[in-house]
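Asks: let's see this in three dimensions:
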Amino acid sequence: MIRPARHDIMIPQRATFRQRLRLKADDQALDATGYELVAQVWDRRRITKYADLTVQWVDQAAGLFELVLQYPETTTVVKDGVWDLLVIEPGGDRYYWLECAAYLDVGLSAPVVVNGNG
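Replies: A predicted model of the protein is given here:
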């Protein structure tokens, strides 16, 4: 059994979220060739899903990937919640490797709207 590691994330509302992470096993980078990753953000009671995070492989053989949530999808995250990372191995076994808090950074700046553009 794998005990999920804890890793908080901070999602900026109304902006692009990107965070680079690496899968490791025994403190060594994991060759994740053939692996599938699924990441979601939920409210703390896991009733309302705020977002499906996109997982983009940077170097799958080295276990390096990015979690991405583009604007306007970041507007669906309306308050702090929780997130996790489900790792699906090539043979079909599934494990939660990461989980923790997903904090919301509401930000203040916004583009000026000119003639309906912005």
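Asks: ok, the residue located most distally from the centre of the chain - contacts?
Replies: Distance from the centre of the chain peaks at residue 115, with 34.5 Å (Cα atoms, centre = their mean). Under the criterion of Cβ atoms under 8 Å, 6 or more residues apart in numbering, residue 115 has no neighbours. C-beta here means a position set from N, CA and C on the backbone, and glycine is covered the same way.
Asks: could I get the pLDDT score of it?
Replies: If you check residue 115, the pLDDT there is 77.
Asks: what do you get for residue 1?
Replies: Reported pLDDT for residue 1: 53.
Asks: cool, and the one 4 residues further on?
Replies: According to the per-residue confidence, residue 5 scores 92 in pLDDT.
Asks: and it, what is it in contact with?
Replies: For residue 5, the contacting residues are 97, 98, 99, by Cβ under 8 Å, 6+ apart.
Asks: make JSON lines out of the residues you listed and add pLDDT.
Replies: Shown next, in JSON lines, are the contacts of residue 5 (pLDDT from 0 to 100):
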{"residue": "97", "pLDDT": "94"}
{"residue": "98", "pLDDT": "95"}
{"residue": "99", "pLDDT": "95"}
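Asks: and the helix-or-strand element of the chain with minimal mean pLDDT, how far out from the chain's middle?
Replies: Every helix and strand of the chain was ranked by mean pLDDT, DSSP states H and E. The lowest is strand 24-25, at a mean of 89. Between the mean C-alpha location of strand 24-25 and the chain-wide mean there is a distance of 18 Å, by Cα atoms, centre = their mean, to the nearest Å.
Asks: which element follows it toward the C-terminus?
Replies: Going down the chain from strand 24-25, the next helix or strand is strand 28-29, by DSSP states H and E.
Asks: and that following strand, how far out from the chain's middle?
Replies: Distance of strand 28-29 from the chain centroid (Cα atoms, centre = their mean) equals 20 Å.
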